[in-house]
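Chemist: Here you go, sequence then predicted model.
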Amino acid sequence: KQEVTQIPAALSVPEGENLVLNCSFTDSAIYNLQWFRQDPGKGLTSLLLIQSSQREQTSGRLNASLDKSSGRSTLYIAASQPGDSATYLCAVRSSGTYKYIFGTGTRLKVLA
Amino acid sequence: DAGITQSPRHKVTETGTPVTLRCHQTENHRYMYWYRQDPGHGLRLIHYSYGVKDTDKGEVSDGYSVSRSKTEDFLLTLESATSSQTSVYFCATGTNEKLFFGSGTQLSVL
């Protein structure tokens, strides 16, 4: 059974800092991994998708990496801004299944 | 944004009553999902569908049933609502690669 963990649960940083959010999963046989952003009271917005054959994906100030052998993905946010404040969740789809299992998220606050 | 509409957006109901939540998509995505989101638990999968009339259970399916008679509609039914089913319910649709989410339904069971 796939289990997904995100540490830390909450993070507060000053504006301009580079930061790393972590996602760990227990079964390395994954199909893909997706990072989402959720603003309070809203739905989830997809940020980055990494296929199992890929090592990383980039979009603007965001970079996501994947290391299947260690069961880890990281989301790197460069030059953080107050507008980046949100909860960030990762979701893992295991090979041979259509199900996405989510971590509990990291609540990020970027201070101006 | 993927065209995903959840209805109702908010609902208050009483313990023991049946409740149906609707998810409607205009993207012709094959896969559809129902999740619930609770503090401290993140998103947990209730049921999902991989095609019309093809559904399967997720992590927390007890007390819930689903139906998908058309590609665009995925219904979630709470057969007899309990207070533990008070939650925010999210519908998602998927291509073979990505997930897209609706705006959620806030359900309160009193």
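Modeler: On my side now, so go ahead.
Chemist: Does B:V66 fall in a helix, a strand, or a coil region?
Modeler: The three-state label given to B:V66 by DSSP: H, G, I helix; E, B strand; the rest coil is strand.
Chemist: Would you mind measuring from the closest residue to A:G71 other than its chain neighbours to B:Y35?
Modeler: Sequence neighbours aside, A:F25 is the residue nearest to A:G71 in space, at 5.0 Å (criterion: CB to CB, 6 or more residues apart in numbering or on different chains). Placement of C-beta: from N, CA and C, glycine included. Distance from A:F25 to B:Y35, counting by CB to CB, to the nearest Å: 17 Å.
Chemist: which of those two has more neighbours?
Modeler: Between A:F25 and B:Y35, counting by other CB atoms under 10 Å in any protein chain shown, B:Y35 is the more crowded of the two (27 against 24).
Chemist: contact partners of the longest strand along chain B?
Modeler: As assigned by DSSP state E, the longest strand anywhere in chain B is strand B:42-51. Outside strand B:42-51, the residues that touch it by CB atoms under 8 Å, 6 or more residues apart in numbering or on different chains are A:44, A:89, A:91, A:98-105, B:30-38, B:55-61, B:64-66, B:68, B:74, B:76, B:89-90.
Chemist: unless I'm mixing things up, the residue nearest to A:G71 is touching A:K1, no?
Modeler: No. Between A:F25 and A:K1 there is no contact under CB atoms under 8 Å: 11.0 Å.
Chemist: How confident was the prediction at B:T95?
Modeler: What the model reports for B:T95 is a pLDDT of 85.
Chemist: What's the local residue count around B:K98?
Modeler: When neighbours are counted by other CB under 10 Å, B:K98 registers 15.
Chemist: What distance do you get for it to B:G16?
Modeler: As defined by CB to CB, B:K98 lies at a distance of 38 Å from B:G16.
Chemist: Run a quick neighbour tally on the nearest residue to B:D73 once chain neighbours are set aside.
Modeler: Of all residues not flanking B:D73 in the chain, B:H24 sits nearest, at 5.5 Å (CB to CB, 6+ apart). Using other CB under 10 Å, the number of residues around B:H24 comes to 17.
Chemist: Report the secondary structure element holding B:H24.
Modeler: Per DSSP states H and E: B:H24 is located in strand B:19-25.
Chemist: Filter the contacts of strand B:42-51 down to the buried ones and express that as a ChimeraX selection.
Modeler: To isolate the buried ones among the contacts of strand B:42-51 in ChimeraX, judged by 16 or more other CB atoms under 10 Å in any protein chain shown, type:
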select /A:44,89,91,98,99,100,101,102,103,104,105 /B:30,31,32,33,34,35,36,37,55,58,59,60,61,64,65,66,68,74,76,89,90
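Chemist: Please consider this matter closed, and thank you.
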